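*Asks:* give me a model of this one.
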Amino acid sequence: TPGERERREAQKGIAFTLALETEAWARRDRDLYESLIDPYLGDDWEEAWRDYWRAGAESEPDFDATLLYVRDVDGYMQATVITEQPAFEWWQTNPYREERFYRRVDQRWLRTVPSAATWGETRELQTEHLHFIYYERDAAAVEAAAPKLEKAFVGMYRTLGFTDPPGPKQMISVVPHPIGRWSSTVPQLQITSPLLAQIPVGQSDGD
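*Replies:* Below you'll find the model as predicted:
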């Protein structure tokens, strides 16, 4: 069908973009790396990706990307990609599953992020000690994670020899923009939507 032909053409183009990204890492070619980013992308994402590149300046450039599948979502091409990247923090693992978004600019496919408006309406979910604020697009992941996090949150207090967590509830906001570090602000925590995050292979978005 025309739609399937378009999807397959996009898959070829995105695979080529990923090959160029791998080449940019291997050659330490920052200009090539930045040429693969949508020039109309919001400053927060553009800076987050550039920071990641800068953070790897002293590391071995062992980057690799495997494209699994591409599909049309809200006018963007969403690509499921498995990446191997240099680890810059002690807690980072490899490989990762990423849901990347691309849009066609002239004859190229550039990495981008959909507008926050495409995440849908705001929702809320509360457990005994946690209060989640999120968007429709992340509903399945949050609803899967909430009971596990509630159990872990209470368990953490008890392991440390404290009584159950006192009020007010810990607020967790899942947002469609990058959060460089988890904030120490209490009782509020912001994390990036799992749809835009690196997920260790073998784990679900809820995990």
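*Asks:* averaged pLDDT, the lengthiest helix in the chain. What do you get?
*Replies:* When the chain is parsed with DSSP state H, its longest helix is helix 2-27. When pLDDT is averaged over helix 2-27, the result is 93.
*Asks:* which other helices and strands contact it?
*Replies:* When contacts are defined as 3 or more C-beta pairs under 8 Å, 6 or more residues apart in numbering; DSSP states H and E, helix 2-27 packs onto helix 30-35, strand 64-73, strand 76-84, strand 96-105, strand 108-112. C-beta: built from backbone N, CA, C; applies to glycine.
*Asks:* low-confidence ranges, this structure, go.
*Replies:* Applying pLDDT under 70 to the chain picks out residues 51-61, 180-187.
*Asks:* 80 - rerun?
*Replies:* 42-62, 86-93, 167, 180-188 (pLDDT under 80).
*Asks:* how much space between residue 3 and residue 9?
*Replies:* 11 Å (C-beta to C-beta, to the nearest Å).
*Asks:* if you count surrounding residues, which of the two has more?
*Replies:* Counted by other C-beta atoms under 10 Å, residue 3 and residue 9 do not tie: residue 9 has more neighbours, with 14 against 8.
*Asks:* report the contact partners of the more buried one.
*Replies:* Counting by C-beta atoms under 8 Å, 6 or more residues apart in numbering, residue 9 touches no other residue.
*Asks:* again, 10 Å this time
*Replies:* Residues in contact with residue 9 (C-beta atoms under 10 Å, 6 or more residues apart in numbering) are 70, 77, 104, 109.
*Asks:* from residue 154, how far off is it?
*Replies:* Using C-beta to C-beta, one gets 51 Å for the distance from residue 9 to residue 154.
*Asks:* ditto for residue 99
*Replies:* Using C-beta to C-beta, residue 99 is found at 31 Å from residue 154.
*Asks:* quick check: residue 154 is in a strand.
*Replies:* No: read with DSSP: H, G, I helix; E, B strand; the rest coil, residue 154 is helix and lies in no strand.
*Asks:* list only buried entries from the contacts of residue 9.
*Replies:* Neighbour counting by 16 or more other C-beta atoms under 10 Å classes 70, 77, 109 among the contacts of residue 9 as buried.
*Asks:* that older thread, can you list the helices and strands packed on helix 2-27 in TSV and add distance to residue 197?
*Replies:* Output for those, formatted as TSV (distance: least, C-beta to C-beta, whole Å):
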stretch	distance to residue 197
helix 30-35	20
strand 64-73	16
strand 76-84	12
strand 96-105	8
strand 108-112	15
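*Asks:* which of those sits most buried?
*Replies:* Mean neighbours per residue, mean count of other C-beta atoms under 10 Å, is largest over the helices and strands packed on helix 2-27 for strand 108-112, with a mean of 20.
*Asks:* elements contacting it?
*Replies:* Contacts defined by 3 or more C-beta pairs under 10 Å, 6 or more residues apart in numbering; DSSP states H and E place strand 108-112 against helix 2-27, helix 43-55, strand 76-84, strand 96-105.
*Asks:* of the ones you listed, which is nearest residue 127?
*Replies:* strand 96-105 (26.3 Å; C-beta to C-beta).
*Asks:* strands paired with the closest one, and their directions?
*Replies:* If you go by DSSP bridges, strand 96-105 pairs up with strand 76-84 (antiparallel), strand 108-112 (antiparallel), strand 199-200 (antiparallel).
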